[in-house]
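*Asks:* predicted coordinates and the sequence they were generated for:
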Amino acid sequence: MKVFFTLSISLICFALQAQGNEDRQSFGLSEDIEVLIMPSQDNELLKRAEIRTRKKGRPDCFAKSLKANVDPHRTGTWDYTKAEIAVWRQKIISKDAKTLNLGFSRYEMPTGGKLFLIGDTQDAVLGPFTKADNEDHGQLWTPVIEGDEITIEIQIPIDQIEQLDIHLEHVNHDFMDILKSGGSESSGSCNVDVVCGAEDGFPIIDTKRDIINSVGAYTLNGIEQCSGVLINNARNDCTPYFLTANHCEVSNSNAASVVVYWNYENSVCRLPETVESGRDGDGTFSQFTTGSSFVAGYAPSDFTLLLLDDEVAAKFTPYFAGWNVGRALPDSSVCIHHPNIEEKRISFDYDPNIISIDFAEDSFVRVESWDLGTTERGSSGAPLFNSKDEVIGLLNSGQATCINNEFDDFGPMFLSWNGGGTPDTRLKDWLDPDGLGLVSLSGKNCTFSLKLEEIVVEVCGENTDSKQIDFSINDNFGEEVSVSASGLPS
């Protein structure tokens, strides 16, 4: 007899749940909808101005914010269906934009309402954004969508229309092409894709899969870009803290506009120093978390700590990186980053770090030169890991590129720990909230997956009261798991 088992699994932990991706209903609506045409922009002029004014101490800009005044109660087109669902739509065109993203200064979606963003084609759809996206700050900032036109669509029960409070204030016109190479030259060919591994001649990268999953690229104000890292805290409770550089200019006033992109990677390993490695990749921005609040920051050590509005979906395989705030410097280090906000790359230094005091009285952890890979613009805020995969610093600045053996400087965790001496200028209140006095903390995998060795178990004729069923869970999940089984004969 074959028995098909159903396992009931209880996890004693804070488990991250992926939000369901509901399908957009099609009601066969008219194509005749109101169109808002934004003022014309000269991409080349904007690009030259941005490149000319780039400097240390501020994030790179890829888009221009254009003012809008869109409100479903005053603009756009309404349709009413037999299913008692009202549909509101507003098309927006910003001619020659490479991508568009939107900033809603008010977002209050009532029960049953759904907001979708539709790009140039019906296949380019983001959403739904729902009541679950209502936040205390009252805003919603969206991921980028390719092309120069976007349609906002709201599907809502007719009896909920009066409770809908949506106001679109920002239409962000991408003049640099963030989905390609940031509008300038692609990142250097010496960079190493995080998807490379043993079969490509880089077995060391296979040992870094967890910390690779901790790093994300993000946009700010819908127009700027940086890198950052999910960071663990001493309670191991999977609070979605996100650590980045202070010079990326996230603050109380704009933290709601942060959109973090996860697993933005090339699909295959482009071998370093090849033509392919210096060309545009094929990663997508399809996995994202939108919105955050400012927790703490300190300019002298160049850190900012954010709390993301939402848990990072389990299907994005998030990892919460560990940290070390001791002053001992490692014999080797690793940086994982998004150069020029392109696909995620990884860099290795096999030599000891040193302390740099090049900047006034502030100390930085310095990588004197990279042995494999490099960093570039857009990598700001990326974490530096020691050999134990603990974050020890965040990328501040440097001269490293593919064509030299120059240095990179990282704002050190040991200075950020006590920062300016107050909770809003230091890390220790948040990463060690119970005052345990920790110097280091391991990372944590906060998602759970179960792999059964057998799905069908043969028990017919066996003279036994028990049957062993082998299964495994993913690494770095250290919580208690209880399993029960039931079966039916085939």
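*Replies:* Received it, and whenever you're ready, just let me know what you need.
*Asks:* for stretch 272-291, list the C-alpha coordinates in CSV.
*Replies:* In CSV, the C-alpha atoms belonging to stretch 272-291 read as follows (Å, rounded to 0.1, in the frame of the first residue of the first chain):
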residue,chain,number,x,y,z
PRO,A,272,34.9,38.9,-15.5
GLU,A,273,37.1,40.7,-18.0
THR,A,274,34.9,39.6,-20.9
VAL,A,275,32.9,41.9,-23.2
GLU,A,276,29.6,40.5,-21.9
SER,A,277,30.6,41.5,-18.3
GLY,A,278,30.8,45.1,-19.4
ARG,A,279,27.5,45.2,-21.1
ASP,A,280,23.9,45.6,-19.8
GLY,A,281,22.5,42.7,-17.9
ASP,A,282,19.1,41.1,-18.0
GLY,A,283,18.0,41.5,-14.3
THR,A,284,14.5,42.8,-13.5
PHE,A,285,13.0,45.1,-10.8
SER,A,286,10.1,42.7,-10.3
GLN,A,287,10.8,42.0,-6.6
PHE,A,288,10.4,45.1,-4.4
THR,A,289,9.5,46.5,-1.0
THR,A,290,8.1,50.0,-1.0
GLY,A,291,8.2,52.6,1.9
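*Asks:* so how far is that stretch from its chain's centroid?
*Replies:* Averaged C-alpha coordinates place stretch 272-291 at 13 Å from its chain's average position (Cα atoms, centre = their mean, to the nearest Å).
*Asks:* what residues sit buried inside it?
*Replies:* Residues of stretch 272-291 classed as buried: Pro272, Ser277, Gly278, Asp280, Gly281, Gly283, Phe285, Gln287, Phe288, Thr289, Thr290, Gly291 (neighbour count, 16 or more other Cβ atoms under 10 Å). In short, each C-beta sits where N, CA and C put it, glycine included.
*Asks:* same deal with stretch 385-400?
*Replies:* By 16+ other Cβ under 10 Å, the buried positions in stretch 385-400 come out as 385-386, 389-398, 400.
*Asks:* ok, now stretch 306-324?
*Replies:* Residues of stretch 306-324 classed as buried under the neighbour-count rule (16+ other Cβ under 10 Å) are 306-309, 311-314, 316-324.
*Asks:* tell me where the stretch 151-300 of the chain has helices.
*Replies:* Listed in chain order, the helices of the stretch 151-300 of the chain (DSSP state H, counting those that start in this stretch) span 203-206, 209-214.
*Asks:* so which of those gets nearest Thr374?
*Replies:* With distances scored as Cβ to Cβ, the stretch of the helices of the stretch 151-300 of the chain nearest to Thr374 is helix 203-206 (15.5 Å).
*Asks:* show me the contact partners of that closest one.
*Replies:* Under the criterion Cβ atoms under 8 Å, 6 or more residues apart in numbering, residues Val192, Val194, Cys196, Gly197, Ala198, Ile212, Ile346, Phe348 lie in contact with helix 203-206.
*Asks:* let's see 6 Å
*Replies:* With contact meaning Cβ atoms under 6 Å, 6 or more residues apart in numbering, helix 203-206 is reached by Cys196, Gly197, Ala198.
*Asks:* most neighbours among those, which one?
*Replies:* The most neighbours of any of these, using other Cβ atoms under 10 Å, belong to Cys196, which has 23 neighbours.
*Asks:* what about the closest residue to that residue other than its chain neighbours, neighbour count?
*Replies:* With sequence-adjacent residues excluded and distances taken as Cβ to Cβ, 6 or more residues apart in numbering, Cys196 is closest to Cys269, at 3.8 Å. For Cys269, the number of neighbouring residues by other Cβ under 10 Å comes to 19.
*Asks:* give me the distance between Cys269 and Asp200.
*Replies:* Taking Cβ to Cβ, to the nearest Å as the criterion, Cys269 is separated from Asp200 by 4 Å.
*Asks:* what do you get for Ala217?
*Replies:* Using Cβ to Cβ, which is the criterion applied here, Ala217 is 23 Å from Asp200.
*Asks:* what about these two, which has more around it?
*Replies:* Counting neighbours by other Cβ under 10 Å for Ala217 and for Asp200 shows that Ala217 has the greater number, 29 against 17.
*Asks:* who's in contact with that one?
*Replies:* Ser227, Tyr261, Tyr264, His338, Ile341.
*Asks:* which one of those residues is nearest to Trp78?
*Replies:* Within those, distances to Trp78 taken as Cβ to Cβ reach their minimum at Tyr261, with 33.0 Å.
*Asks:* so who does that closest one touch?
*Replies:* Gly216, Ala217, Phe285, Phe288.
*Asks:* recalculate using a threshold of 8 Å.
*Replies:* Contact analysis of Tyr261 by Cβ under 8 Å, 6+ apart lists Pro143, Gly216, Ala217, Tyr218, Thr219, Phe285, Gln287, Phe288.
*Asks:* which pair in those residues spans the largest distance?
*Replies:* Taking Cβ to Cβ as the measure, the contacts of Tyr261 span a maximum distance of 13.9 Å, between Thr219 and Gln287.
*Asks:* show me where pLDDT drops low in the stretch 51-200 of the chain?
*Replies:* Under the criterion pLDDT under 70, the flagged ranges of the stretch 51-200 of the chain are 56-57, 122-123, 181-186.
*Asks:* kindly report the same for the stretch 201-350 of the chain.
*Replies:* Using pLDDT under 70, the stretch 201-350 of the chain has no residue that qualifies.
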